[in-house]
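**Q** here are the coordinates; sequence isn't available:
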Ligand SMILES: Cc1cc2nc3c(=O)[nH]c(=O)nc-3n(C[C@H](O)[C@H](O)[C@H](O)COP(=O)(O)O)c2cc1C
């Protein structure tokens with residue numbers, strides 16, 4: 001499957017998560033492109049719509065069957081760069097998986113909310129949404145959480161791909 005992996009990462013944590021996810025997906029035979037989401041001027045704090053920035057190069061990704069988008073949790077919600085990119089991406093009919101990293105220890109402190117808003121927007125645009133993944137900074141176990149989440153994510157994508165090829169999705 002052709003998969004686009006797009007990530008907003010200010011300090012590198014979510015990029016690391018994305019790289020682990022890419023490795024897992026490539027290991028299960030997918031063709032993955034990883035794109036870094038950048039805003040101009042750079043966004044350093046939560047902002048509201050109308051977005052006071054433009055996205056530099058989200059890319060087209062029309063040919064991809066799955067689009068995975070990740071970013072940091074900011075102010076108990078999704079990064080504005082991620083939300084702005086979801087508005088532009090061609091999500092209709094595609095598999096969609098959100099993923100986030102966060103500095104607080106429990107997913108209820110922003111991770112769940114961020115994943116919910118990303119999922120709601122993608123579903124409204126016609127995507128087939130799969131469960132999202134949050135990697136909190138839990139007792140320094142964030143790396144292990146990323147590894148396990150990436151494995152689960154790759155399994156979910158494979159299962160969805162099978163369902164699609166059986167015509168049951
Ligand atoms: C402006 C701002 C707001 C943040 N708000 C939260 C928050 O509400 N909850 C949380 O757990 N972490 C919060 N963080 C921490 C980031 O989510 C965390 O460090 C994340 O892993 C950074 O990802 P990155 O390295 O990909 O940018 C915030 C960071 C910034 C810069």
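**A** On my side now, so go ahead. Treat the numbers as computed from the prediction; the structure is a model and nothing was measured.
**Q** Against residue 44, how distant is residue 50?
**A** Applying CB to CB, to the nearest Å, the value for residue 50 to residue 44 is 18 Å. All C-beta spots, glycine's among them, are computed from the backbone N, C-alpha and C.
**Q** Specify which residue of those two has the higher count of neighbours.
**A** More neighbours surround residue 44 than the other of residue 50 and residue 44, with 9 against 6 (other CB atoms under 10 Å).
**Q** list the helices and strands the strand ranked longest in the chain packs on?
**A** As assigned by DSSP state E, the longest strand anywhere in the chain is strand 66-74. Counting contacts by 3 or more CB pairs under 8 Å, 6 or more residues apart in numbering; DSSP states H and E, strand 66-74 packs against strand 2-7, helix 13-27, helix 80-88, strand 95-101, helix 111-124.
**Q** Columns distance to residue 146, mean pLDDT and mean neighbour count on top of those, output as a markdown table?
**A** Below are these laid out as a markdown table (distance: least, CB to CB, whole Å; pLDDT from 0 to 100; neighbours: other CB atoms under 10 Å):
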| stretch | distance to residue 146 | mean pLDDT | mean neighbour count |
| --- | --- | --- | --- |
| strand 2-7 | 13 | 98 | 22 |
| helix 13-27 | 5 | 98 | 20 |
| helix 80-88 | 17 | 98 | 21 |
| strand 95-101 | 8 | 98 | 26 |
| helix 111-124 | 13 | 98 | 19 |
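**Q** Kind regards, and thank you for your time.
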